[in-house]
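Novice: Please find the sequence and the predicted model below.
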2 protein chains.
Amino acid sequence: MRFFLLAALCLQHLPAVFAGVLLPRQNGTATWMDTSLSAQQRADALLPHLTWDEKVAQMGGIRQLLSANSTFNQTLYDSLYPLQHGILSYGSQLNQAQTVLPYANMVREQQRNNSLVPWITVTDSVNSIYLPGGTMFPATLSLSTSWNLTLYEQVVAAIRDENVALGTHWVLSPELEVSKDPRYGRVGEQYGEDVYLIGEFAAQYVKTMQERDEDGYMKVATTVKHFLYGQGSGGVNTASMDGGVNHLYNDLALPFIRVFKEDPASIMISYASIDRIPMSMNKAMIQGMLRNEMGFQGLVMSDAVAINHLYTQSLVASSYKDAAIKAVKAGMQLELAPQQPACFPYLVNSSNDTSIVEMVDEAVRQLLIIKFETGMFDQPLPTLENLNATLRSAGHLDTNLQASRESIVLLQNNGILPRPKLGKVALLGPFADILDPGSYAPSTSANPENGRTLRGSLEAVLGSESVQYVQGVNIRTDSGNSIAGIQQAVAAAKEADVAIVSLGSLSVYFLDGNVAQRTDGEFFSHPDLGFPGQQQQLLDAVLDTGVPTVLVLNGGQAFVLNNSTMRANAILHTFLGGEFTADALVEILQGQVNPSGKLTVTMPQAEGAFPVYYDFLPSDAEGGYAATVAGVCTSDWSFPCLTRGGATMAFGFGLGYTTFDIASSKAVVAGGGNVTVSCTVTNTGSVTGKEVVQVYYRQQYSNLIELPNKRLVRFQKVELSPGQSQDVSFSIDRNELGYYVNAQYQVDSGNYTFWVGSSSRAQDLMNVTLTL
Amino acid sequence: MRFFLLAALCLQHLPAVFAGVLLPRQNGTATWMDTSLSAQQRADALLPHLTWDEKVAQMGGIRQLLSANSTFNQTLYDSLYPLQHGILSYGSQLNQAQTVLPYANMVREQQRNNSLVPWITVTDSVNSIYLPGGTMFPATLSLSTSWNLTLYEQVVAAIRDENVALGTHWVLSPELEVSKDPRYGRVGEQYGEDVYLIGEFAAQYVKTMQERDEDGYMKVATTVKHFLYGQGSGGVNTASMDGGVNHLYNDLALPFIRVFKEDPASIMISYASIDRIPMSMNKAMIQGMLRNEMGFQGLVMSDAVAINHLYTQSLVASSYKDAAIKAVKAGMQLELAPQQPACFPYLVNSSNDTSIVEMVDEAVRQLLIIKFETGMFDQPLPTLENLNATLRSAGHLDTNLQASRESIVLLQNNGILPRPKLGKVALLGPFADILDPGSYAPSTSANPENGRTLRGSLEAVLGSESVQYVQGVNIRTDSGNSIAGIQQAVAAAKEADVAIVSLGSLSVYFLDGNVAQRTDGEFFSHPDLGFPGQQQQLLDAVLDTGVPTVLVLNGGQAFVLNNSTMRANAILHTFLGGEFTADALVEILQGQVNPSGKLTVTMPQAEGAFPVYYDFLPSDAEGGYAATVAGVCTSDWSFPCLTRGGATMAFGFGLGYTTFDIASSKAVVAGGGNVTVSCTVTNTGSVTGKEVVQVYYRQQYSNLIELPNKRLVRFQKVELSPGQSQDVSFSIDRNELGYYVNAQYQVDSGNYTFWVGSSSRAQDLMNVTLTL
């Protein structure tokens, strides 16, 4: 009872978790507590000591420790605990970290005294820790547009250290989906459309998160997800995919194969059906492809409610128990069940089915390994003192500001920017005074605890008297009053030196005050790729005034920018912002910061003109008929003109305030067959800036499998002052230039083309060829 | 020389084809000329007598007998002939049938005298024969909306007999693509989105075309195509598909499996890459799936230029010869090469490669079988006299008018129709005075040789003084004069009793006068699903006048009808019209004909809200979150609301001028395990009309493979006078209720639901359940 009394002293409203006498079964002298043994050895030693019910219970957990307003429900906790006590999550992502910690510690402490196996907390962690109080970075897609892996490492290290301070040693990131459908609502949580860039960023995430502490413990275990997804039917979150082994390997699996080199602790199975078999029971994909072919060694977990879906949605199981059995036999080892009933508790009556017992033993062993690896059995619980010292440290905030500066993409600029003296600003649009952080951010859109909206940032710099703010229209719905709002906005524009119109698509948590305006994020998809609601009408009206106009885009998605929109003098995309995104944007508008972000998703040219990614297959370019000729579109009614090499705002594209020359490209084959690609980059403009040098390649002819038009193989961000030159050289292992045929990797001899330049667009690239 | 002299007498400008002495090698006493033997036996007997070059030459042919204006190019013909003389096509589809016949007969006669093997003419045949002069029916999608297989049989019989009269004994139809991407430009040539309906219509086509004549010859050999295609990336004509064996079998192959029961003579391989392997060299798909698993026995041909694409487009072959070898080894037996170079002539030097020799022998054997089956060795050449007697016979024209009446779909009607007295009509829009026949129709859009435009039909009925025609805008481009055009249209509307606005998407042959306005048909795809150009603005302006307005849609595609469009008092879709489509439309407007067409493609609800077919997989409905509840959409920003059960103009939907009650639905299992579904249909309105009774089904739970939400299994069109009732009963073999798992067909026991009603929409269906 010692802990409970202590807790009662510390926490005024902390409820009694249980009143019985503690019977600590955790024995300090047991073999599994021998820290000189490996995590595997300790797990093997502990496993035989668990009862069947305890094993089943390890395969699930409690995902809602607290509901909104930090409410702990003892009855619910007690009812779930017996068969669901492997993993713990905090529940509502809007409870303050410092408020949640004592509750989490309470149940952790109790379990340490009551069970052989401690809890491990597992949460999402897209922009930051999963609770307010930490440093809130821009979301993943925004960070990917920095093309800066060094900076990204610092971001992840900060998020990691804040998680550790909170006692969160397992996160449900990174997301490795290849974001090739702009309608998919989760693109903002992901790294964009390119398999190589996703792999490099995600590998950096896993390596940094899973760094070992001084005692050799893994700081934070990661979960790569979702295996597999990325181009589901219609961009729907749980939708089916057709399958095809060469497609799956070459288009979707490559980021996973890359990241597996960093030994991520776990993997989450996608909601999708692939080739009509739901992934949560897809034995061929989990045990065949993932385990046997790709060699994944970690734990396999479900997505939230996904096992239930086998019964309730996909109709391929006839009961919750049937769903549980099918999932566990396919290789599912941990169930995420934020809603009840969970399915795995139904396994409690399957202790006499040896095929299930074997799978359960292996599942629990995997979970125990993660708990031993992360020190759950050995390390003290986190303290409020250390939490306060770690969250929002000066270093973390500095990293965040720098990341925000590099995560904004300038898409169009007719010379209006930079604008050191902004003058009188008409700040217009429904995103001008909110922060669009993404649905997994622990923040609200209207009054973020930390950070500023664009209005806040502008007023801080210019003074509120220089900023006339008019919302004009709502994001998606207007109660018939949009005409008045638009007229107000137009009037403000006419009185201003510059109009800044902030539009987009909103992704917020479901408890956010603006949730009724939501159009983006998980479970949302975009029925068209324009701006929701009356936003286009607002923009058109402002542009009709002729006042110099800067358009700021918000949201985790690409938009179609129609001819009217393109009249804007400058266009910037901020995607899903962090707490300093608006500050960084104002720095960019004024020229204090030179923008250096580059698109990681291509912006489609028409509502239906997708998929639009740069690495399309040659067949997708329609055989040359009415298609692109040397990158020039010959017919806007033949799709390839809009989708295959015709997009002006393509992957890798982004403007700055200076110009760069990339010249003297060379590609040579070294002794071992490796390739060195080099070039000289020169800042030919008048201000210091950063350029992302990009290298793409393809082999001239393949023998059977179609290969993409081109693919990114290297990139490097360099900073140069005016007139400065730098030689940039990339070494590429010959073995990186292969592809998969029927799950076998092969590298061909023959002619290869390498392109070097500043974007994926033909006009921004120079090519060199060589023979391997 | 007899024929040549005769020809010279008949044809003033007919050129000399060759001047050498004829050496007829065709021996009337040879075994292969013994008509008591089967086609197979005759082919086997002939094959050894062919030289290697002759065999290679059989595998290709001349596709451009005549270019535009009936010009015969002797030099070109002579240069191609030696290695390409298996099949013959007419070239330009705008040369008159009666003009072309003598040229075709000339070269056929010459070859009969000069070669062991006669030509066979092979052409497209979507709406009619491939040359002007025949009866021009609505295109395939339009005919499918009749849901009337008996009527369709009459249509196909007419097209068949006109082909036979022309000497065309092999057609490149039917198209079995499952039209699930509304952006794909060829949807108008196809039967819609449902695998069962496609299979039944296409089977009817094959059975009717391949009917035997009194001498036992197959009248016209068919080519089912394209194996496989239907949901390529972005709706692009040659685009890749992902693959997945369960997807391919259950979603795309079912129509082929159905039609193979009718023994189609040949199959055309699609342009697609499936799972990254171009189909033209996809041995696993051609020899594995098609031949071994599906048991296809006929000839396998390429699509036009598709073998070249392996080298020039897909970059999986390193030369034309490499492409030819890869294609022939994969099982390709005939090359369509409208453009040169063809690839198969490169096989001329491969006579010492036994693996190629074997494939070539089998290919030529297949072609010879078709030539023997169709009487090419035995039957006389067609005569002009018989051609003139057959084309456009009264019976054919009657059938065409009836088909046109049943192929128009009434999508919306607020009571404005029927309108026996149309009064003063403002006829507006760029489709009001053209005929949109599809790119494979032998007709022009502006001045069709036969048939009328809507303007022509209306003026014929009402007199030209009652019809004020204003084009208003062009289809896709306006040279800045659209404002004046729209103003003119509005002025006309204001003076009229009713405005009829005819809009859409144009599909015409590339020699058509309006080709610059083309937006639909092969090689085109739709970058958005609204109306091209300024057509929406024209419509909006007319609707703003408040004048009663009928909207007529044209084009082989579904359109998004936005809120403004839906203000139209009535909306009808005519798809790709035949020569009587406009006449039938006027009859419907006036109530002389009660419309009875039903959609075979679902109309999407938003620009990006697709795929939108009714038989989606349960996973595609997003797990119930923010999705449809009992068919009612709960959020327009969550895709399923717009795509999965939420479409108002769904597959099977169409209005008429009367109402029907479908009641007393029953489903019972008979002794043999077969199911009988029955209902009573009553005409509850005041005019005679036709209703399409539709039966859908699904089993409650499957064991592994996801099954569609529901699927069509039977339909029947019934005509009833007011107050009349009819019992309709459908017998369904238990073996029709299965699905494919890893290419194996299985039928499950368990609970099944059957739905009976008037469309695929939940609100139009009643369900009954039973246990099998």
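Specialist: Arrived safely.
Novice: Could I get the contacting residues of the closest residue to chain B within the stretch 1-150 of chain A?
Specialist: Using Cβ to the nearest Cβ, the closest approach of the stretch 1-150 of chain A to chain B is made by A:Arg63 at 15.8 Å. C-betas here are computed from N, CA, C, even on glycine. Shown in contact with A:Arg63 (Cβ atoms under 8 Å, 6 or more residues apart in numbering or on different chains): A:Ile87, A:Ser89, A:Gly91, A:Ala304, A:Leu336, A:Ala337, A:Pro338.
Novice: Tell me the secondary structure at the fourth one.
Specialist: The three-state label for A:Ala304, taken from DSSP: H, G, I helix; E, B strand; the rest coil, comes out as coil.
Novice: Setting aside sequence neighbours, what's the nearest residue to it?
Specialist: Among residues not flanking A:Ala304 along the chain, A:Leu336 sits closest, at 4.5 Å (Cβ to Cβ, 6 or more residues apart in numbering or on different chains).
Novice: what's the distance between the one you found and chain B?
Specialist: 13 Å (Cβ to the nearest Cβ, to the nearest Å).
Novice: and that residue, what are its phi and psi?
Specialist: Backbone torsions of A:Leu336, given as degrees, to the nearest 10, read phi -90, psi 120.
Novice: neighbours around it, how many?
Specialist: For A:Leu336, the count of nearby residues is 21 (other Cβ atoms under 10 Å in any protein chain shown).
Novice: What helix or strand is A:Ser664 located in?
Specialist: Per DSSP states H and E, A:Ser664 falls inside strand A:660-669.
Novice: still on that earlier bit, quick one: contacts for the residue nearest to A:Ala304?
Specialist: A:Arg63, A:Met268, A:Met301, A:Ser302, A:Asp303, A:Ala304, A:Val305, A:Ala306.
Novice: check contacts around the last one.
Specialist: This means A:Ala306. A:Ile269, A:Tyr271, A:Pro278, A:Met279, A:Ser280, A:Leu336.
Novice: dump the residue contacts of the nearest residue to A:Ala330 once chain neighbours are set aside.
Specialist: What sits nearest to A:Ala330 in space, not counting adjacent residues and going by Cβ to Cβ, 6+ apart, is A:Lys283, at 4.1 Å. Contacts of A:Lys283 were listed using Cβ under 8 Å, 6+ apart, and they are A:Lys329, A:Ala330, A:Gly331.
Novice: which of those residues lies closest to chain B?
Specialist: Nearest member of the contacts of A:Lys283 to chain B, counting by Cβ to the nearest Cβ, is A:Ala330, at 10.2 Å.
Novice: Per-residue pLDDT of that closest one, please?
Specialist: pLDDT for A:Ala330: 98.
Novice: pretty sure it is touching A:Gln287, no?
Specialist: Yes. Using Cβ atoms under 8 Å, A:Ala330 is in contact with A:Gln287, at 7.0 Å.
Novice: and the longest helix seen in chain A, how far from the chain's centre?
Specialist: Counting residues, the longest helix in chain A under DSSP state H turns out to be helix A:354-373. For helix A:354-373, the separation from the chain centroid amounts to 28 Å (computed by Cα atoms, centre = their mean, to the nearest Å).
Novice: Let me know the next secondary structure element after it.
Specialist: Following helix A:354-373 in sequence order, the next helix or strand is helix A:384-390 (DSSP H and E).
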